[in-house]
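# The following block contains a protein sequence and its predicted model.
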Amino acid sequence: MADFDWPWQYKFPPFFSIQPNIETRKKQLEAWCTLVLTYQKHMKQYNLDVNEAQNSELFYNKQLNRRLNLDAMYTVLEELRKRGNLEWKDKNRSACTLMWRSPAEWGNMIYSWISSRAMNNTVCTLFELSEGEDSVGQDFHGLDKGILLRALKSLEAEGKAEVIDFDGNEGVKFF
Amino acid sequence: MDRFSWCDGSLYPDESLVEQQSGVAVYDGQDKTAFNAGFLMLTTHRILWRDQRNRNCVISLPLANVSGVDEQPSGFTKSAKIVLHLSAGAPGRPPGPVTQSPHDYIRLSFRELGQQEFLRSLKEEMKKRRWEAQPAATPASNNSGLLPRQRPGIVGIERSIQQKNKETNKNISQAFQDLRNLMEKAKDMVGLSKTIATKIKDKQGEITEDETVKFKSYLLSMGIPNPVTRETHGTGDKYYTELARQLASVLAKPVEDCGGMMTMTDVYCRVNRARGMELLSPEDLLHACELMEMLALPLRLRTFDSGVSVLQARSQDEEEIVSKTSSTIQDKGPLTAEQLAQILGLSVILARERLLLTEKMGGVCRDETVEGLKFYPNLFLTAGS
């Protein structure tokens, strides 16, 4: 995978200490949120385990020997949650789903792809959409099933698709 | 038996108890006596016998009068005895139970055993002859100056406490005698410095201006010649306002010299060193400093968020501090409070306060690690957008 282009803040030691000054902290958290989302997007990752993340290069800059401690990590993650980019999977906040695109955005992306291939009014399985050969090269290829489902639900709400459940296999029909 | 004398049963100051045995009867030669059931004590100086029923009845025999010791083993109906052969008694001995006796020996009958141990100790004491080392004064001769421990009971305890109090009083007054002398001398010293100061003023022509100034500054740093005290300025507000004025005039220069700020602890030390004998209490100092702002003096009290209080020169402006500190960090790179203190010649506490203030204003940002707190130029605000 191509090298991630780290922002300048990543090489700035104070970036890894939560700043007490409100103005400064706002800027800092903004930078962190952008960094986390772009990094996840770059790595095509949708889930984040807090314990694992502590030692990942995202939160631990080995060159600087600086890391974001657990409290600070939660501050950043909570900030992401407030912005609607993150959802906790459990109450203990040990793992979360990161949404660097909102379900609606994903839905629109899928719908336009379907339209461009004239696949309206056909039924396809969720597996076909995210893992199928046809969708290789698309952004939503390899999309987390949970997010995919939510994207389709948002389409359903708009009346552009319908999620069908047959024999445990889920499929979707686009209109 | 006529060598015995009455006594009160207390020991001499340098006398100590060696051995004791109950159930002992005293025989005058072969004859029984009234002293037939008692408590026998061997001390380094004497043999004491105390009646078991009447504890006030005590007789004593100086070991010096004992010339020899014999042992009589116990028989079928007889208890073991120790025979003490006695030498002629001293003529002026205190009164005793018997004035004249035909016998030159007495016998001690041990009805409750223990004669072996007693005999051994007695022989040892006879050999050591400890009573000769320091002839103890007879109890009769020191009636008036009885040592506390010779007095039993509550009266004795009270006496000993009284005596101790007397001694501490004496010690304290002696100690303060020295201090009083010192105070007299200090007054002289201040007077001397004053006269020198006036002399310098008079003879200004004879020494160069530079030297005068130097010498004067020495005198000034030596002390405040007439400190504001409660005696001279009363107690209320007037005292504090006068004190505040004096503090401001004395401290204005030192505060400027050390970067426009001085911690209250430093202020306290400096002021009290200058005042010499008329020391200020921390509360009075704080109170006077609180008034400075109201009196429009060149100094004012300032308390940082962390609770550190400083005396600050009026010329020192917050914004100036912030801009100065952030520009220092721009120039020198990331700094800890210690490093900034070295660069600016401030105390570490003040340097830290400056940094925290600057951080609060957004001038710098922090990097907190195990090695300490380091401050960086605030690139978040300046370079971010």
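That came in fine, so what should we check first? Numbers count the residues shown, from 1 in each chain, chains lettered A, B, ... in the order given.
# And the contacts of stretch B:260-269?
Under the contact criterion Cβ atoms under 8 Å, 6 or more residues apart in numbering or on different chains, stretch B:260-269 has outside partners B:247, B:251, B:254-255, B:270, B:280, B:282, B:285-286, B:289, B:301-302, B:308-313, B:315-316, B:346-347, B:349-350. Glycine gets a C-beta too; all of them are placed from N, C-alpha and C.
# Show me what counts as buried in that stretch.
B:260-264, B:266-268 (16 or more other Cβ atoms under 10 Å in any protein chain shown).
# Return the member of those nearest to residue B:58.
residue B:268 (66.2 Å; Cβ to Cβ).
# any idea how far residue B:279 is from the closest one?
Note on residue B:268: its distance to residue B:279, by Cβ to Cβ, to the nearest Å, is 10 Å.
# quick revisit: buried among the contacts of stretch B:260-269? Make that a PyMOL selection.
In PyMOL, a selection of the buried entries from the contacts of stretch B:260-269 looks like this (16+ other Cβ under 10 Å):
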select buried, chain B and resi 247+251+255+270+280+285+289+301+302+308+309+310+311+312+313+316+346+347+349+350
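# and the nearest residue to residue A:23 once chain neighbours are set aside, what is it in contact with?
Leaving aside its chain neighbours, residue A:23 sits nearest to residue B:362 (5.3 Å; criterion: Cβ to Cβ, 6 or more residues apart in numbering or on different chains). Going by Cβ under 8 Å, 6+ apart, residue B:362 touches A:21, A:23-24, B:378, B:381.
# Quickly name whichever of these is closest to residue B:129.
residue A:21 (90.4 Å).
# how much space between that closest one and residue B:284?
According to Cβ to Cβ, residue A:21 and residue B:284 sit 38 Å apart.
# Repeat that for residue B:308.
Going from residue B:308 to residue B:284 by Cβ to Cβ gives 20 Å.
# quick revisit: in PyMOL, how would I select just the buried ones from the contacts of residue B:362?
Buried residues among the contacts of residue B:362 (16+ other Cβ under 10 Å), as a PyMOL selection:
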select buried, (chain A and resi 21+24) or (chain B and resi 378+381)
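# Can you tell me the number of residues neighbouring residue B:75?
Close neighbours of residue B:75, defined as other Cβ atoms under 10 Å in any protein chain shown, add up to 9.
# That should have said residue B:297, apologies.
For residue B:297, the count of nearby residues is 19 (other Cβ under 10 Å).
# residues contacting it?
B:244-245, B:248, B:314.
# pull the longest helix from chain A.
For chain A, the helix with the greatest residue count under DSSP state H is helix A:22-43.
# List of residues touching that helix?
By Cβ under 8 Å, 6+ apart, the list of residues contacting helix A:22-43 from outside reads A:1-2, A:4, A:6-7, A:9-10, A:14-15, A:18-19, A:46, A:48, A:58, A:75-76, A:79-80, A:83, A:85, A:98, A:100, B:359, B:362, B:365, B:378, B:380-381, B:384.
# Repeat that for stretch B:34-52.
Residues outside stretch B:34-52 that contact it (Cβ under 8 Å, 6+ apart): B:7, B:9, B:11-12, B:14-26, B:53, B:57-63, B:66, B:84, B:97, B:108, B:111, B:118, B:121-122, B:125, B:128, B:130-131, B:136.
# Columns distance to residue B:172 and pLDDT on top of the contacts of residue B:362, output as CSV?
As requested, the contacts of residue B:362 are exported to CSV (distance: Cβ to Cβ, whole Å; pLDDT from 0 to 100):
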residue, distance to residue B:172, pLDDT
A:21, 58, 86
A:23, 63, 87
A:24, 61, 88
B:378, 62, 86
B:381, 65, 83
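# Now residue A:72: closest residue in space, sequence neighbours ignored.
residue A:18 (4.7 Å).
# With residue B:109 instead?
residue B:25 (4.4 Å).
# Pull out the buried residues from whatever helix or strand that neighbour lives in.
If you go by DSSP states H and E, residue B:25 is part of strand B:17-28. Using 16+ other Cβ under 10 Å as the burial criterion, the residues of strand B:17-28 that qualify are B:18-21, B:23-28.
# just the CA coordinates of the helix or strand where residue B:319 lies, formatted as PDB?
Residue B:319 belongs to helix B:318-332 when assigned by DSSP H and E. Provided in PDB are the C-alpha atoms of helix B:318-332 (Å, rounded to 0.1, in the frame of the first residue of the first chain):
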ATOM      1  CA  GLU B 318       0.700  40.700  30.900                       C
ATOM      2  CA  GLU B 319       0.700  41.200  27.200                       C
ATOM      3  CA  GLU B 320       4.300  42.100  27.300                       C
ATOM      4  CA  ILE B 321       5.200  39.000  29.200                       C
ATOM      5  CA  VAL B 322       3.300  36.900  26.700                       C
ATOM      6  CA  SER B 323       4.800  38.400  23.600                       C
ATOM      7  CA  LYS B 324       8.300  38.300  25.200                       C
ATOM      8  CA  THR B 325       8.000  34.700  26.300                       C
ATOM      9  CA  SER B 326       6.600  33.500  23.000                       C
ATOM     10  CA  SER B 327       9.300  35.300  21.000                       C
ATOM     11  CA  THR B 328      12.000  33.800  23.300                       C
ATOM     12  CA  ILE B 329      10.600  30.400  22.500                       C
ATOM     13  CA  GLN B 330      10.400  31.200  18.800                       C
ATOM     14  CA  ASP B 331      14.100  32.100  18.900                       C
ATOM     15  CA  LYS B 332      15.500  29.400  21.100                       C
END
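# Can you pull the residues that touch both of residue B:268 and residue B:279?
With Cβ under 8 Å, 6+ apart, residue B:268 and residue B:279 have no common neighbours.
# average pLDDT across stretch B:270-278?
For stretch B:270-278, the mean per-residue pLDDT is 81.
# Which positions in it come out as buried?
B:270-272, B:274-276, B:278.
# mind giving me the domain split of chain A?
Taking automatic domain parsing as the reference, chain A has its domains at A:8-98, A:103-174.
# Oh, that last question was meant for chain B, not what I typed.
The record assigns chain B these domain ranges, following automatic domain parsing: B:5-140, B:189-222, B:226-316, B:319-385.
# any idea which of these scores lowest on pLDDT?
Mean pLDDT across the domains of chain B is lowest at domain B:189-222; the value there is a mean of 64.
# Looking at the buried residues of stretch B:270-278, which is nearest residue B:332?
residue B:270 (29.9 Å).
# So what's the gap between the helix or strand that contains that closest one and the chain middle?
Here residue B:270 sits within helix B:264-275, counting by DSSP H and E. Helix B:264-275 has its C-alpha centroid displaced from the chain centroid by 26 Å (Cα atoms, centre = their mean, to the nearest Å).
# try stretch B:260-276
Offset of stretch B:260-276 from its chain centre (Cα atoms, centre = their mean): 28 Å.
# Ok, stretch B:168-185 next?
Worked out by Cα atoms, centre = their mean, stretch B:168-185 lies 15 Å from the chain centre.
# And the average pLDDT for it is what?
So the average pLDDT for stretch B:168-185 ends up being 79.
# Report the backbone C-alpha coordinates of it in CSV.
C-alpha atoms of stretch B:168-185 as CSV (Å, rounded to 0.1, in the frame of the first residue of the first chain):
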residue,chain,number,x,y,z
THR,B,168,14.5,25.8,83.4
ASN,B,169,13.5,29.3,84.4
LYS,B,170,17.1,30.0,85.1
ASN,B,171,18.3,28.6,81.8
ILE,B,172,15.8,30.6,79.8
SER,B,173,16.6,33.8,81.5
GLN,B,174,20.3,33.1,80.9
ALA,B,175,19.6,32.4,77.2
PHE,B,176,17.7,35.7,76.8
GLN,B,177,20.4,37.6,78.5
ASP,B,178,22.5,37.0,75.4
LEU,B,179,19.8,38.0,73.0
ARG,B,180,19.2,41.2,74.9
ASN,B,181,22.9,42.1,74.5
LEU,B,182,22.6,41.4,70.8
MET,B,183,19.6,43.7,70.5
GLU,B,184,21.5,46.5,72.2
LYS,B,185,24.4,46.0,69.8
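# Much appreciated, bye for now.
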